[in-house]
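model the following, please.
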Amino acid sequence: MSLKKSSKAGLPNPAKTKEFAEQMMDDYRIPIRRACKLVLLHRSMWYYQSQAKDEQAIRKRMREIAMTRVRYGLDRIHVLLRREVWRNSRNRIYRLYKLEGLNLRSKRPKRNRCCSHRLNRLEVSKINQSWSMDFVADQLFDGRRFRALTVAAVARWIILVGNVWLSMQVNQSKAKMSCR
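Reported below is the predicted structural model:
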């Protein structure tokens, strides 16, 4: 096992280097100081004990607040948590907020609200029982735009009627000539 010293990105995380040091101590019976020096681990990292608190309770309470009050963001959830027993910094609440995935948009955008209230489509069993229509717009090779109203029978999926409108762009010079 060898460690790269060339770049910080190439180095493994401290937990891995601690495992390397442990393995070297077991295999070669060397002291902690020498093993840490060989794997480029500071000795304070060897003796470090994590003091992370259990975050499950606060994460659960944040989820409950976010589900009951959909429009509340990070700041208002933080205020509600501070009014309760939780005395945590805003940065910690923000980290937990992101871990819970609450920073995602939980309400429907305005452009999609109307489609949530639409009824389900009816089953079509006969021809001419259901029709649909739509406007289609495109541009020709010479730059003229056109729109078409398409009316289709849903049961057959054949376009039955199509009306096309071209938008005419009249040149100024042609308009002047035709006026004379």
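
what mean pLDDT does the longest helix along the chain get?
The residue-count maximum for a helix in the chain (DSSP state H) belongs to helix 14-28. Averaged across helix 14-28, pLDDT comes to 93.

what helices or strands is that helix leaning on?
Where contact means 3 or more C-beta pairs under 8 Å, 6 or more residues apart in numbering; DSSP states H and E, helix 14-28 is packed against helix 32-38, helix 43-47. Any C-beta I mention is one placed from the backbone N, CA and C, and that applies to glycine too.

buried residues in the longest one?
Just to be clear, that refers to helix 32-38. Across helix 32-38, burial judged by 16 or more other C-beta atoms under 10 Å covers 35-36, 38.

out of the residues you listed, which one sits closest to residue 83?
residue 36 (46.2 Å; C-beta to C-beta).

wait, the closest one sits on residue 44?
No: judged on C-beta atoms under 8 Å, residue 36 makes no contact with residue 44 at a distance of 9.5 Å.

how about the strands in this structure?
131-139, 145-153, 158-166 (DSSP state E).

mean pLDDT lowest for which of those?
Ranked by mean pLDDT, those bottom out at strand 158-166, which scores a mean of 51.

where does pLDDT dip in this protein?
Along the chain, segments meeting pLDDT under 70 span 1-11, 104-119, 121, 154-180.

again, only using 80
Low-confidence regions of the chain, defined by pLDDT under 80, span residues 1-11, 103-131, 152-180.

skip the chain neighbours and tell me the closest residue to residue 14.
The shortest distance from residue 14 to any non-neighbouring residue, by C-beta to C-beta, 6 or more residues apart in numbering, is to residue 45 (5.1 Å).

state the number of residues packed around the one you found.
13 (other C-beta atoms under 10 Å).

surely it meets residue 16?
No: the criterion here is C-beta under 8 Å, and residue 45 misses it with residue 16 at 11.5 Å.

phi first, then psi, for the closest residue to residue 63 other than its chain neighbours.
Leaving aside its sequence neighbours, residue 63 sits nearest to residue 100 (C-beta to C-beta, 6+ apart; 6.0 Å). Torsion angles at residue 100 (phi, psi; degrees, to the nearest 10) stand at phi -80, psi -10.

need the contact list for residue 100.
The contact partners of residue 100, taken as C-beta atoms under 8 Å, 6 or more residues apart in numbering, are 59, 62-63, 66.

appreciated, that's everything.
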